[in-house]
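Engineer: Fold the following, please.
(one chain, ligands or ions: 1)
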Amino acid sequence: MLSVEEVAGAAAGCVRCSIRKNTPEVVFGKGSPDARIMVVLEAPDADAAKEGKPISGEAGELLYNIFAASHIKGGDVYVTNLVKCNPPEERTPTEEEIGSCKTWLDLEIAAVQPDYLILMGVAPLRAFFGEDAAIQEFRGKWHSFGEIKVLCTYQPKTLLKKPEYKRMVWEDFKMLMRDLGILKP
Ligand code: SF4
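Structural biologist: Below you'll find the predicted structure:
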């Protein structure tokens with residue numbers, strides 16, 4: 001089985017889809033390769049892609065504040081994107097782009113072997129649970145991907161536009177904390 005570093009090295013030269021032209025480099029996940037929790041976002045935005053990070057700016061700050069409030073430490077979490085390059089004009093990645101890129105995420109999951117997958121945003125949710133999956137129906141309960149427990153919720157970018165959704169995301173992270181034994185049931 002490949003290590004995270006080996007998968008990242010192989011993905012660095014990927015030109016499988018056209019959005020590679022829009023991004024300075026393929027942006028792989030960041031965090032502990034031994035993390036119990038893997039967070040999957042949609043795609044890096046232009047600023048994150050320039051910085052070579054899966055998420056940056058206000059959205060990144062919000063995400064890391066959620067981790068801090070949830071008592072999730074740096075060593076516990078690995079953050080990545082469903083699609084590793086920045087889609088033009090920050091549009092949602094197409095099905096074709098997702099199909100081209102999903103192999104990298106599958107290899108990343110196999111390398112990290114997390115206990116928990118947190119799918120943030122509709123594109124990651126649908127990549128795992130089908131085109132008709134809706135966050136409002138999937139959030140607030142546990143799902144599974146093989147042996148991995150899966151939680152689906154809104155992405156930080158959405159929370160910046162709709163702060164009223166923060167309460168639901170916090171409820172979802174409280175579920176995770178209860179499962180981790182950080183919060184009493
Ligand atoms: S988005 Fe994914 S599949 Fe497309 S070029 Fe970038 S790494 Fe390759």
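
Engineer: all strands in the chain, in order from the N-terminus.
Structural biologist: 30-31, 37-41, 77-81, 116-120, 143-145, 148-153 (DSSP state E).

Engineer: Enumerate the residues of this protein near the ligand.
Structural biologist: For the chain, the contact set with the ligand under Cβ under 6 Å from any ligand atom comprises 11, 14-17, 19-20, 26, 83-85, 97, 100-101, 104. From N, CA and C alone the C-beta is placed, and that goes for glycine too.

Engineer: buried subset of these?
Structural biologist: Among the residues of the chain next to the ligand, those classed as buried by 16 or more other Cβ atoms under 10 Å are 11, 16-17, 19-20, 26, 83-85, 97, 100-101, 104.

Engineer: Pick out the residue nearest the middle of this protein.
Structural biologist: V40 (1.3 Å; Cα atoms, centre = their mean).

Engineer: now that one, nearest residue through space, not along the chain?
Structural biologist: Nearest residue to V40 in three dimensions, chain neighbours excluded: P124, at 4.5 Å (Cβ to Cβ, 6 or more residues apart in numbering).

Engineer: That neighbour: what's it in contact with?
Structural biologist: 40-42, 82, 152 (Cβ atoms under 8 Å, 6 or more residues apart in numbering).

Engineer: Also compute the angle for the longest helix along the chain relative to strand 77-81, please.
Structural biologist: Counting residues, the longest helix in the chain under DSSP state H turns out to be helix 95-112. Put simply, helix 95-112 runs at 160 degrees to strand 77-81, going by axes from the mean of the first three to the mean of the last three Cα atoms, to 10 degrees.
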